[in-house]
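Asker: missing the sequence, but the structure's below:
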């Protein structure tokens, strides 16, 4: 079955950088969009962060709050999607999830993604 496993989250100081990775198992990967979402705390909704298209059109899209600071990329040969996060701010503190989009979808809504990782915690603090 499909499994997504994130890694790379940790405590980092404001202004610092982190690189999150997500390894995807299962046969279908390269032709599907992959996204990163985050949840900033109990009672808060899961928020869109970034998405990258599949092999048919690998465009990217970012939430305005991370545009210019975060970069999403993928390595189809390694079944991996990455999120490079620079200039981190305390408001970026969250559990970050990678997700595989349903066929034909590359949008910002969680309902359009059918497989999710377990999440990795990013804490931005002094």
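Answerer: Thanks, I have it. Quick caveat, the model's predicted, so the values are computed rather than measured.

Asker: Go ahead and list the helix or strand containing residue 22.
Answerer: In the assignment (DSSP states H and E), residue 22 maps to strand 18-25.

Asker: Not counting whatever helix or strand comes next after that strand itself, show me its contacts.
Answerer: Scanning forward in sequence from strand 18-25 by DSSP H and E, the next helix or strand is strand 34-39. Identification of contacts with strand 34-39 by Cβ atoms under 8 Å, 6 or more residues apart in numbering yields 20, 22, 24, 45-52, 54, 72, 74, 81, 83, 92, 94-101, 108, 110, 113, 119, 122. Where C-beta positions appear, they are placed from N, C-alpha and C, glycine not excepted.

Asker: quick one: strand 34-39 to strand 18-25, angle?
Answerer: 120 degrees (axes from the mean of the first three to the mean of the last three Cα atoms, to 10 degrees).

Asker: Could you find the closest non-adjacent residue to the residue most central in space within the chain?
Answerer: Nearest residue to the geometric centre of the chain (Cα atoms, centre = their mean): residue 36, 2.0 Å. Computed as Cβ to Cβ, 6 or more residues apart in numbering, the closest residue to residue 36 that is not its neighbour in sequence is residue 49, at 4.3 Å.
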